[in-house]
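S.K.: A structural model of the following input is requested.
(one chain, ligands or ions: 2)
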Amino acid sequence: MVDPILSVRGVAKHFGGLKAVNDVSFDVLPQQIFGIAGPNGSGKSTLFNVMTKVPFGPTKGEVRLNGKSIMGLSAHRIALAGIARTFQRENVFASLSAIDNVVVAVESHLPNAPFAEQIERAEEALNLVGFPANMHNSPAGSLPIFYRKQLMIASALALQPKVLLLDEPASSLTGPEIERMKQIILRVRDNGMTVVLIEHVLGLLMEVSDQLLVLDQGVMIGKGDPITVTRDPIVIEAYLGVAHE
Ligand SMILES: Nc1ncnc2c1ncn2[C@@H]1O[C@H](COP(=O)(O)OP(=O)(O)OP(=O)(O)O)[C@@H](O)[C@H]1O
Ligand SMILES: [Mg+2]
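M.R.: Numbering: from 1, shown residues only. Ligands and ions are numbered 1, 2, ... in the order given. Below you'll find the predicted structure:
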């Protein structure tokens, strides 16, 4: 029996009277892709926020990495311990070049490494996501959306995480771009990382996820293998029956 690399136990986040995340528990095994779905406002991004303490930790509950609680760590230490994330909203440094965006992330992980090594690490992360070599020096703000998304993932990978949390990497992408994003996610996993993937693009989520969790109003309404979960009438009524952006 393989031990989970990531365990979320009874996690909750309350904003005043709003229970944005309410008693969520799940385990992710090493090198799994763990999908998270749910309607808008169901608490998916808040779950990533409390897992990484960016910008706040949970009201209740515990997150463990390789069996060890990370609750006592700061956001920076959690990232260094091995949980990196991307954000639903774009957060590239628009005026920096693509490679400098990633170097900034490498620096936070390896502040004392020689500059040449930092560049090398940044190039490795960009190569892993398939970012074109001839665009490394382009200003990030001028890049089309797909490349900016690649850059956000490369910046997270630059921290050499064990677990990568991706918040809607396929949003705003075209069909062919979603297929390319799928290949990136699979490549990250094939490189030894564990992936937790929030996505509204259900086709992508179903194709790559080993396990699927569905949230509704902060509560888990489905968890398990993706086909079984998406056939559950409760999940269909709460999520699959309605249209999403
Ligand atoms: N900082 C905050 N302060 C108060 N309420 C918040 C805060 N962050 C999130 N919420 C609320 O918590 C709930 C869950 O929001 P969250 O962003 O986690 O949803 P989501 O599932 O990621 O939605 P989407 O699919 O639209 O990205 C929403 O009702 C939201 O308004
Ligand atoms: Mg969200």
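S.K.: just for this protein, where's the confidence low?
M.R.: 242-245 (pLDDT under 70).
S.K.: in it, what residue comes closest to ligand 2?
M.R.: Using CB to the ion, the closest approach of the chain to ligand 2 is made by residue 45 at 3.1 Å. (C-beta placed from N, C-alpha, C; glycine too.)
S.K.: A helix includes that residue, no?
M.R.: Yes - assessed with DSSP: H, G, I helix; E, B strand; the rest coil, residue 45 lies in a helix.
S.K.: wait, doesn't it sit right on residue 198?
M.R.: Yes - between residue 45 and residue 198 there is a contact at 6.9 Å, judged by CB atoms under 8 Å.
S.K.: can you list contacts of the longest helix seen in the chain?
M.R.: If you go by DSSP state H, the chain has its longest helix at helix 175-190. For helix 175-190, contacts defined as CB atoms under 8 Å, 6 or more residues apart in numbering pick out 31-33, 128-130, 146, 149-150, 153, 157, 164, 166, 169-170, 173, 195, 197, 201, 203-204, 207-208.
S.K.: buried members of those into PyMOL, please.
M.R.: Selecting only the buried entries of those in PyMOL, with 16 or more other CB atoms under 10 Å as the criterion:
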select buried, resi 31+32+33+128+129+146+149+150+153+157+164+166+169+170+173+195+197+201+204+207+208
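S.K.: which ones among the contacts of helix 175-190 map onto helices?
M.R.: Those of the contacts of helix 175-190 lying in helices (DSSP H): 128, 146, 149, 150, 153, 157, 203, 204, 207, 208.
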